[in-house]
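Asks: The following comprises the amino acid sequence and a computationally predicted model.
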Amino acid sequence: MTTFTGVRVGIANGMSALFVPGNKPALFDKAAASGAHAVIADLEDAVAPAERSAARTAVKAAVLAGQPLAVRINAPGAPDHALDLALLAEMRAAGSVPVAVVLAKTEEAADVADVIRASGAGTQVIALIETARGIVNAPYIAQADGLARIAFGALDYALDIDAEGDTALLFARSTLVVASRAAGLPAPLDSPTANFRDLEAVQSEAAEARRLGFGGKLCIHPAQVRPVHTVFQPTESEITRARRVVAAAEAADGGVVQVDGEMVDTPVVDAARRILQRAAP
């Protein structure tokens, strides 16, 4: 019996999701052992078009064998999109589906519905938003039935709007954070850092994403996982103080209390509870 290693919280609530090329099944279990909260077998950009048929075969075999993979499928309108949807339907008919489906270049709420029709009700769909049209429609996409989370693809978005630099991405990032919150979704996942060798850049970009309200980050190399977790996982001191704040508030039964000389009211208590929720994985 094949044993799949690694700790996975899941892409819907985790802080990290690691891409691995779908045509390299030998890397699936290695990616899971990285500590990433989810592993995404990629059928899109990480795989050359000529290799995508082999990638679909490998992903199907892994999912049917019990490997808890998320799968990124090609964008609506792309030549391989219909084939990817057919793959989801085949896996569903065989009795096993990916833990989540990441839809590249999501631009409409209807795109999410198409994925769910193929893979079945209850499928977790992650809308990867990478275009101006996707950003404009983000509030509607976030409300789509069956959507589990939103993620951001900064490189394709910058190309789409013909822009350079982080400033041009602020509007898009904030739009996705607000749309996710308004729809009651988990905070979105930020785009991967392109230079996977520069771990300081990974941590710096993750910290900026956290300040903007993101809940995690996509990764393209196992080495990126630890810096991402360092940023998004609360520190022990933060967790300890959050526990004290929540305990003091519960003891006060709704009244205002002081902790370490700071007045603790409802927003402070709610922030403490969120820290404890983030610490749970």
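Replies: Good, I have the coordinates. The structure displayed is predicted, hence computed values, not measured ones.
Asks: where does the chain have low pLDDT?
Replies: The chain contains residues with pLDDT under 70 at 1-8, 254-255, 280-281.
Asks: ok, 80 please
Replies: Across the chain, the stretches falling below the confidence threshold (pLDDT under 80) are 1-9, 234-281.
Asks: quick one: the longest helix anywhere in the chain to chain centroid distance?
Replies: Counting residues, the longest helix in the chain under DSSP state H turns out to be helix 236-252. In terms of Cα atoms, centre = their mean, to the nearest Å, the gap separating the centre of helix 236-252 from the centre of its chain is 28 Å.
Asks: Mind giving me the packing neighbours of that helix?
Replies: Contacts of helix 236-252 with other secondary structure elements, assessed using 3 or more Cβ pairs under 8 Å, 6 or more residues apart in numbering; DSSP states H and E, are made with strand 257-259, strand 262-264, helix 266-279. From N, CA and C alone the C-beta is placed, and that goes for glycine too.
Asks: which residues sit against that helix?
Replies: Outside helix 236-252, the residues within contact range by Cβ atoms under 8 Å, 6 or more residues apart in numbering are 234, 257, 259-260, 264, 268-269, 271-273, 275-276, 279.
Asks: let's see it at 10 Å
Replies: Counting by Cβ atoms under 10 Å, 6 or more residues apart in numbering, helix 236-252 makes contact with 233-235, 255-260, 262, 264-266, 268-279, all of which sit outside it.
Asks: Residue 270: how many residues sit nearby?
Replies: By other Cβ atoms under 10 Å, the residues close to residue 270 number 12.
Asks: What distance do you get for it to residue 251?
Replies: If you measure residue 270 against residue 251 using Cβ to Cβ, to the nearest Å, the figure is 17 Å.
Asks: And the residue nearest in space to the middle of the chain, its phi and psi?
Replies: Centrality entry for the chain: nearest residue to the mean C-alpha point is residue 189, 4.3 Å, by Cα atoms, centre = their mean. According to degrees, to the nearest 10, the main-chain angles of residue 189 amount to phi -100, psi 130.
Asks: in what helix or strand does the closest residue in space to it that isn't next to it in sequence lie?
Replies: With sequence-adjacent residues excluded and distances taken as Cβ to Cβ, 6 or more residues apart in numbering, residue 189 is closest to residue 151, at 4.0 Å. With the criterion set as DSSP states H and E, the secondary-structure element containing residue 151 is strand 147-152.
Asks: quick one: contacts of the helix or strand following that strand?
Replies: Read in the C-terminal direction, the helix or strand following strand 147-152 is helix 154-161, with elements assigned using DSSP H and E. With contacts defined as Cβ under 10 Å, 6+ apart, helix 154-161 is touched by 45, 75, 104-105, 128-135, 153, 163-166, 168-169, 171-173, 190-194, 205, 209, 218.
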